[in-house]
Structures are given as structure tokens and as C-alpha cells.
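[1] The following comprises the amino acid sequence and a computationally predicted model.
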Amino acid sequence: MVMSAPGLRLAYVDAAEMQVAYRMAGNGPALVLLHGFLCDSRCWMPQLTDLSDRFRVVAWDAPGAGSSADPTAPFTVTDWAIALGEFLDAIAIDRAHFLGLSWGGMLAQELYRLYPTRVDHLVLADTYAGWKGSLPPEIVEVRLARCYRDALRPPREVVAEWVPADFFLDASRELTAEMASVVADFHPVGFRLMATSLAHTDTTAVLPTIKAPTLLVWGDGDQRSPLTVAEQFHAAISGSELRVIHGAGHVSNMEKPDAFNATVRQFLTDA
């Protein structure tokens with residue numbers, strides 16, 4: 001996987017009174033990619049380069065990540081969804097397919113709750129109904145405390161703590177180095193706020209209301225959002241499809257990009 005490619009340089013717009021960075025490639029129906037925490041648009045390079053032959057692929061750096069500005073606390077998942085709506089307005093996208101992974105999948109659910117007509121097809125990957133909605137309270141408490149602690153640590157210590165074990169099942173040396181370069185650029189403010197939003201959000205009531213065609217993509221080795229969470233989503237979202245990526249951990253789009261992209265491409269092309 002290549003973390004940079006010609007034509008995928010960052011662009012910037014103003015949204016929700018913040019500067020928001022993004023990458024865009026291709027033409028055709030819009031496909032908006034929403035990354036997880038400790039990540040940014042660079043984590044979508046395999047999709048930006050591969051799926052842009054068929055789609056106008058857009059990957060933002062959420063406020064508090066990558067090259068975007070930090071939001072001002074308190075900032076909830078609802079605030080991020082409103083900011084995402086303003087970002088889409090700024091780049092003239094009214095309606096799109098959305099693909100959200102981990103925290104980005106929770107954001108996609110909130111976007112649907114606020115603006116259902118903006119969502120054509122929905123792909124939720126290795127995500128949660130918020131930690132509050134998918135995990136036992138004691139696990140949520142431990143996770144949040146860890147994130148608050150690590151947000152205060154030097155980047156090299158955070159990289160050593162999280163990469164590759166939290167993201168991948170069996171990462172190559174190259175993939176580990178690529179993810180380390182992204183995590184090293186984390187925003188302490190954004191990390192804390194995103195973790196807080198996961199801990200405080202429960203979208204279980206949203207799931208049965210989702211009428212957009214929905215694909216669920218999960219790594220079979222995801223330890224952060226195990227397959228039991230995928231089954232929760234599959235049972236709650238009527239007509240949803242569940243596809244398991246073998247040999248992948250939590251960030252399945254980076255670890256097994258060929259299988260991931262083929263699964264997403266088939267779902268959206270058959271639409």
C-alpha cells in the first residue's frame with residue numbers, strides 16, 4: 001500500500017467555522033470515506049486509488065485529526081455529523097454513498113439520523129453502535145481511561161502502545177510502519193474527544209431506522225469490535241448484508257485492501 005499518490009494531495013475548505021482537509025479522486029457517484037480515531041484520510045489510500053475508477057471518492061480528515069483544525073470541547077458525534085454536512089455542502093455533494101470504519105462508522109450512523117436523504121448506500125466496517133451501545137460498561141470505562149492517559153503521552157509512546165496490535169491481525173513490517181506514521185500525527189484534543197464520543201454514544205435505537213441499503217464489513221480477527229458486534233448490526237438493520245474479511249483485524253480496509261475493495265465495489269456496483 002502507498003500512503004501518498006499523485007493527484008491525492010490535500011485540499012481544504014471551511015466547514016463549521018473550521019478548516020477541514022480532504023483528499024478526492026475520480027468521477028462518478030460520490031463515495032465518502034469516514035476514518036476512525038488515531039487515523040486520518042491517509043488510512044483510505046487503498047480505496048482512494050482503487051475505487052476512484054468508478055466513483056468520486058472523498059476522504060476527509062475529521063476535525064481533530066490529520067491536517068484539519070481541532071474542534072472546541074465539548075464536541076459530540078452530533079457536532080461532527082453537522083460539520084460533515086457542512087463539509088459536503090462546501091464541496092457540492094448533496095447525496096452520496098458513505099463508508100465509515102470504527103469511529104467513522106458511528107459518525108455515519110449519526111449522519112443518517114440527522115440527514116437520511118443524503119445517504120444513498122451505507123457501508124459500515126468494523127464499527128460500533130458507540131462503545132456504550134456495543135460493549136459492556138466495564139470495557140468502556142477501561143478503554144476511555146486508556147485513551148485519556150495516552151492522549152497525554154508523546155507520539156512515539158502512543159505508536160508503541162497501539163501499533164500494530166490494536167489495528168491489525170497480522171501486519172507486515174511495511175503496513176506497521178505506514179500506520180505508525182499516521183498515528184504519530186494524532187491530535188491530543190481530537191483523540192480525547194473522539195474517545196469520549198464513543199464512550200457516551202449509543203446508536204442502537206438508530207439501527208432499526210436505517211432504510212438505506214447497508215453493507216457490513218468486518219475483519220474476522222477484529223478484537224476491538226468483534227464479530228458479535230457485527231451480528232448486533234446485522235440483526236438490527238433490516239436487509240443488511242454481512243461480509244467477513246478473512247485474515248483482517250480492526251482496520252480491515254488497510255490490512256486486506258483487495259478483499260475489502262472487491263466487497264465494497266460489488267455492493268455499490270450492483271446497486
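    Arrived safely, thanks for sending. Numbering: from 1, shown residues only.

[2] In the stretch 1-150 of the chain, what residue spans correspond to strands?
    Using DSSP state E, counting those that start in this stretch, the strands assigned to the stretch 1-150 of the chain run over residues 11-15, 18-25, 30-34, 56-60, 96-101, 119-125.

[3] Reformat these as a markdown table; add mean pLDDT and distance to Val244.
    Every C-beta, even on glycine, is put in place using the N, C-alpha and C of the backbone. Listed next are the strands of the stretch 1-150 of the chain as a markdown table, based on pLDDT from 0 to 100; distance: least, CB to CB, whole Å:
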| stretch | mean pLDDT | distance to Val244 |
| --- | --- | --- |
| strand 11-15 | 98 | 35 |
| strand 18-25 | 98 | 28 |
| strand 30-34 | 99 | 20 |
| strand 56-60 | 99 | 24 |
| strand 96-101 | 99 | 15 |
| strand 119-125 | 99 | 11 |
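
[4] would you list those in TSV and tack on mean neighbour count?
    TSV is the format used below for the strands of the stretch 1-150 of the chain (neighbours: other CB atoms under 10 Å):
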stretch	mean neighbour count
strand 11-15	16
strand 18-25	21
strand 30-34	26
strand 56-60	25
strand 96-101	26
strand 119-125	24
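
[5] Would you confirm that Met18 contacts Ala62?
    No - between Met18 and Ala62 there is no contact under CB atoms under 8 Å: 10.2 Å.

[6] Which neighbours do these two have in common?
    Ser68, Ala83 (CB atoms under 8 Å, 6 or more residues apart in numbering).

[7] what's the pLDDT at Asp270?
    Asp270 is assigned a pLDDT of 86 by the prediction.

[8] count of neighbours near it?
    8 (other CB atoms under 10 Å).

[9] give me the low-pLDDT residue ranges for the chain?
    Counting by pLDDT under 70, the chain contains low-confidence residues at 1-7.

[10] if you set the cut-off to 90 instead, what comes out?
    1-8, 270-271 (pLDDT under 90).

[11] Touching, Gly104 and Leu34? I think so.
    Yes - Gly104 lies in contact with Leu34 (CB under 8 Å); the separation is 3.2 Å.

[12] Which neighbours do these two have in common?
    Counting by CB under 8 Å, 6+ apart, the common neighbours of Gly104 and Leu34 are Ala62.

[13] for the stretch 51-200 of the chain, what spans make up the helices?
    77-90, 103-114, 130-134, 137-150, 155-162, 173-183, 188-200 (DSSP state H, counting those that start in this stretch).

[14] Does anything pack onto the second one? Which helices or strands?
    This means helix 103-114. strand 30-34, helix 77-90, strand 96-101, strand 119-125, helix 188-200 (3 or more CB pairs under 8 Å, 6 or more residues apart in numbering; DSSP states H and E).

[15] Among those, which comes closest to Asp222?
    strand 119-125 (9.5 Å; CB to CB).

[16] what are the C-alpha coordinates of the closest one, in CSV please?
    The C-alpha trace of strand 119-125 is given here as CSV (Å, rounded to 0.1, in the frame of the first residue of the first chain):
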residue,chain,number,x,y,z
VAL,A,119,-27.3,8.8,2.3
ASP,A,120,-27.7,6.6,-0.8
HIS,A,121,-25.9,3.3,0.2
LEU,A,122,-24.2,2.8,3.6
VAL,A,123,-21.2,0.7,4.3
LEU,A,124,-20.3,0.2,8.0
ALA,A,125,-17.0,-1.5,8.7
